[in-house]
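Engineer: Sequence and computational prediction follow.
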Amino acid sequence: PTKLCSNKDILFCVRGSSTGRMNISNDKYCIGRGLASIRGKEKHSLTDFIYQIMIFNINSILSFCEGSTFPNISRDNLNNLIITIPPLKEQEKISLILSSVDKKIENTDNLIEKTKELKKGLIQRLLTKGIGHERFKDTELGRIPVEWEVKKLGSYVKLIHGYQFRKEDIVTEGLPIIKIGQISKNGTLDLSNLTYIQEERFPKFQEFKINNEDVLMALSGATTGKVAFVKNINRNMVQNYRVGKMVTVEEENNNMFLYYQLKSKGFYNQLMKLCNTSAQPNFGKQDMDKINMCLPLIKEQKQIALIL
């Protein structure tokens, strides 16, 4: 092999869509054309310090990219980057401080991921086993508390479609339209990149108004089944056609509990089976009675929602 990196070298991606990504080598490796191996010069610079400098200057480095469809950074680009180099002892102090911060950030990120996984497990257990039950029964959805029922989604939830706004309805500012793109993966509404209709047209579309505590779901496309629980909105907004509003038939049923039901693995798996029967995923009113859900009493719905 003609190109080798050493243990603790900086590995820097210099070609393609991953240009700018960095890592530290943990051994001696043969490297391909898409990677540069970078290390500090003896008696002049420490590799750990250079790594931190590159992170700090990454935008400047990426500005050297050549080529629009296939970006790349040359050896000359990297060699010509101007940076300030303090004495070696100061480099060591700075890199130790920053490495310590990086480690704490990494530990925090890992803790966040573990917390997310823990919450997923808690959600799954509460939505199938409930709180404090000792007696269970076998159902098509598995073992659930004796007091719970298995119901068709359409028997206790009504799906309301939004309005199919046309190109000629759209204006540059006014009354926001909530489309599929506004439903975030984290279950909230993303209110950036909104489209609008004229504010004075709101009375005509009042039946499509979105309210706090509404449960919205994407009904078509690659993100079919994505769900949001609406909160903290303080202005009128209206619902686009392929955004579904899921409304409980009985007002006493808990919307937050419904939101977690629709985010559950059990619902998602049934939804995907339905969607995989067609080239373009779609979910509509005709599918509501094809989904089975387990439903606790209203009091326990509220208790579960409070925990989650």
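Structural biologist: Perfect, thanks for sending it. Numbers count the residues shown, from 1 in each chain.
Engineer: which stretch of helix or strand covers the residue nearest the centre of the chain?
Structural biologist: By CA atoms, centre = their mean, the mean C-alpha position of the chain lies nearest to residue 185, the distance being 3.9 Å. Using DSSP states H and E, residue 185 sits within no helix or strand.
Engineer: I'd say it and residue 226 touch.
Structural biologist: Yes - in this structure, residue 185 is within contact of residue 226 by CB atoms under 8 Å, at 6.7 Å. In this view, the C-beta of every residue, glycine as well, is placed from N, C-alpha and C.
Engineer: The stretch 101-250 of the chain: helices as residue ranges?
Structural biologist: 153-156 (DSSP state H, counting those that start in this stretch).
Engineer: Which residues are in contact with the residue nearest to the centre of the chain?
Structural biologist: By CB atoms under 8 Å, 6 or more residues apart in numbering, the residues touching residue 185 are residue 226.
Engineer: Also residue 32?
Structural biologist: Contacts of residue 32 (CB under 8 Å, 6+ apart): residue 3.
Engineer: now swap in residue 43 and tell me
Structural biologist: Residue 43 neighbours (CB under 8 Å, 6+ apart): residue 88.
Engineer: I'd like the distance between it and residue 193.
Structural biologist: For residue 43, the distance to residue 193 (CB to CB, to the nearest Å) stands at 52 Å.
Engineer: Look at the closest residue to residue 150 other than its chain neighbours and report its pLDDT.
Structural biologist: Of all residues not flanking residue 150 in the chain, residue 139 sits nearest, at 4.9 Å (CB to CB, 6 or more residues apart in numbering). As predicted, residue 139 sits at a pLDDT of 92.
Engineer: Identify the bridge partners of residue 139.
Structural biologist: Per DSSP bridges, the residues bridged to residue 139 are residue 142.
Engineer: looking at this structure, which residue lies furthest from center?
Structural biologist: Outermost in the chain, CA atoms, centre = their mean: residue 43 at 45.5 Å.
Engineer: Next one, pLDDT for the residue nearest to the centre of the chain please.
Structural biologist: Here the pLDDT value assigned to residue 185 is 89.
Engineer: before we move on, what about residue 148?
Structural biologist: Reported pLDDT for residue 148: 94.
Engineer: now the stretch 151-300 of the chain, which segments are flagged as low pLDDT?
Structural biologist: Scanning the stretch 151-300 of the chain for pLDDT under 70 picks out 276-279.
Engineer: residue ranges for the strands of the stretch 1-150 of the chain, please.
Structural biologist: Remark: strands assigned in the stretch 1-150 of the chain by DSSP state E, counting those that start in this stretch are 4-5, 10-13, 22-24, 29-30, 35-38, 136-139, 142-145, 149-152.
Engineer: so can I have TSV of these showing mean neighbour count?
Structural biologist: Output for the strands of the stretch 1-150 of the chain, formatted as TSV (neighbours: other CB atoms under 10 Å):
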stretch	mean neighbour count
strand 4-5	16
strand 10-13	19
strand 22-24	13
strand 29-30	13
strand 35-38	18
strand 136-139	12
strand 142-145	16
strand 149-152	14
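Engineer: Take those and lay them out in CSV including distance to residue 206.
Structural biologist: Converted to CSV, those look like this (distance: least, CB to CB, whole Å):
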stretch, distance to residue 206
strand 4-5, 64
strand 10-13, 52
strand 22-24, 53
strand 29-30, 64
strand 35-38, 58
strand 136-139, 41
strand 142-145, 39
strand 149-152, 30
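Engineer: Wait, residue 57 touches residue 82, no?
Structural biologist: No - counting by CB under 8 Å, residue 57 does not reach residue 82; the two are 9.3 Å apart.
Engineer: out of these two, which sits in the more crowded spot?
Structural biologist: Higher neighbour count among residue 57 and residue 82: residue 57, with 14 against 6, using other CB atoms under 10 Å.
Engineer: Residue 136 versus the more buried one, what's the distance?
Structural biologist: Taking CB to CB as the measure, residue 57 and residue 136 are separated by 60 Å.
Engineer: contacting residues for the nearest residue to residue 23 once chain neighbours are set aside?
Structural biologist: Once flanking residues are discounted, residue 23 sits nearest to residue 11: 5.1 Å by CB to CB, 6+ apart. Shown in contact with residue 11 (CB under 8 Å, 6+ apart): 5, 22, 23, 24, 25, 31, 35, 36, 37, 38.
Engineer: Could you do residue 209 as well?
Structural biologist: Contacts of residue 209 (CB under 8 Å, 6+ apart): 202, 236, 237, 238, 239.
Engineer: My read is that the third one contacts residue 176, right?
Structural biologist: In other words, residue 237. Yes - in this structure, residue 237 is within contact of residue 176 by CB under 8 Å, at 4.6 Å.
Engineer: what residues are shared contacts of these two?
Structural biologist: Common contacts of residue 237 and residue 176 (CB under 8 Å, 6+ apart): none found.
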